[in-house]
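1. Quick one: sequence and predicted model below, then my questions.
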Amino acid sequence: MRLDRALSVYVFHPAQRAVPARSHGALPILMYHGISDESERGSAYYKVNTGPAVFERQMRFLKERGYSTIALSEAVRLLNRRESPGPRRVVISFDDGYRNFYTHAFPILQKFGFTATMFLPTGYIGENRASFKGIECMTWDEVRELRKAGIEFGSHTVTHPKLVEMNWVDVERELRESRREMETQLGARVTTFAYPFAFPQADPLFVRKFGDALVELGYRCCLTTEVGRARPGDDVYRLKRLPVNSHDDVNLFRAKLEGGYDWLALPQAMVKRVKSFSTQRPR
Ligand SMILES: [Zn+2]
């Protein structure tokens, strides 16, 4: 049995729904990676692929429930002003720049009239096709085509490194170079960023310094892997997201959207804390 699903669907979601005020102003930011039926090893919690049919079911669910998408840049503007984006609004985000976004996700998003933000590791996006983790990525031509069709693009570094393990000069280079490359290729400003790998929330010194670097280098927000929904007045340089994959049947998907998954932030933070004690390293 999958514990996080059972607790979310049968305990925390009903509890959340019993107190609607607790959801007031909360904005779900969905986190997708690949849209593919490729099988993955490991527990359901860590999987990152969402099958095209499952993705379509999830998008149809949003449509039927009256959800509309809000562009990330607009959501950040509102959250910064402590304003609620309104009920039944959702941000859809994708990491890693895979080609299956272009071939599988985009047509489905278009079908339902939804928009999304894709975060690119720019070192894997080329004039010619490149791959990241053995999966084909988009080319700049495809990125430009999607941008014209209303998809937002943000930075996900150049090489998709574990930033917390790098020296500071290299961290800043990853932030600066990816943004510069994207702005050159797209001819537009790039202000959104998604943190690659697990966000080092147990390392407040790094988190603060990293947030300062993002501000200095012209970014207006940072999406993380911390689990939960965003709220007006949240620090927009460490926004929580809701991870989604093929295992999100409609009940779990709904529980996540309505706050039934927010409880996971606490055990997630505790695990990270324990891990950080056991892997302390000099920086
Ligand atoms: Zn990534």
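-> Happy to help now that I have it. Numbers count the residues shown, from 1 in each chain.
2. In this structure, what residue lies closest to the ion?
-> residue 95 (4.0 Å; C-beta to the ion). Using the backbone N, CA and C atoms, a C-beta is placed for each residue, glycine as well.
3. mind listing what that residue touches?
-> 31-33, 118-119, 156, 194, 196 (C-beta atoms under 8 Å, 6 or more residues apart in numbering).
4. swap in residue 45?
-> 2, 4, 243.
5. Quick check: the gap between it and residue 244.
-> Look at residue 45 and residue 244: by C-beta to C-beta, to the nearest Å, they are 12 Å apart.
6. And for residue 145?
-> Distance from residue 145 to residue 244, by C-beta to C-beta: 25 Å.
7. who does the closest residue to residue 118 other than its chain neighbours bridge with?
-> Of all residues not flanking residue 118 in the chain, residue 94 sits nearest, at 4.6 Å (C-beta to C-beta, 6 or more residues apart in numbering). Note on residue 94: beta-bridge partners by DSSP bridges are residue 32, residue 118.
8. what about the closest residue in space to residue 24 that isn't next to it in sequence, which SS state?
-> In this structure, residue 24 finds its nearest non-sequential neighbour in residue 84, 7.2 Å apart by C-beta to C-beta, 6+ apart. Taking DSSP: H, G, I helix; E, B strand; the rest coil as the rule, one finds residue 84 in the coil state.
9. follow-up on the earlier one: now for the contacts of residue 95, which pair is the farthest apart?
-> Pairwise distances across the contacts of residue 95 (C-beta to C-beta) peak at 14.7 Å, for the pair 32 and 196.
10. Between the two, point out the one with more neighbours.
-> Between residue 32 and residue 196, counting by other C-beta atoms under 10 Å, residue 32 is the more crowded of the two (25 against 20).
11. can I assume that one is in contact with residue 98?
-> No - applying C-beta atoms under 8 Å as the test, residue 32 and residue 98 come out as separate, 9.8 Å apart.
12. got the CA coordinates for stretch 235-245 in PDB?
-> Listed in PDB are the C-alpha atoms of stretch 235-245, where the atom choice follows Å, rounded to 0.1, in the frame of the first residue of the first chain:
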ATOM      1  CA  ASP A 235       8.400  33.800  -0.500                       C
ATOM      2  CA  VAL A 236       8.300  33.600  -4.300                       C
ATOM      3  CA  TYR A 237      11.900  32.500  -4.300                       C
ATOM      4  CA  ARG A 238      11.000  29.100  -2.800                       C
ATOM      5  CA  LEU A 239       7.500  28.300  -4.100                       C
ATOM      6  CA  LYS A 240       6.100  24.900  -3.300                       C
ATOM      7  CA  ARG A 241       4.800  22.600  -6.000                       C
ATOM      8  CA  LEU A 242       2.700  19.500  -6.300                       C
ATOM      9  CA  PRO A 243       4.500  16.600  -8.000                       C
ATOM     10  CA  VAL A 244       2.400  14.700 -10.400                       C
ATOM     11  CA  ASN A 245       3.000  11.400 -12.300                       C
END
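13. near the ion at all, it?
-> No - using C-beta under 5 Å from the ion, stretch 235-245 never reaches the ion; the gap is at least 11.7 Å.
14. Quick one: mean pLDDT over that stretch.
-> Across stretch 235-245, the average pLDDT comes to 97.
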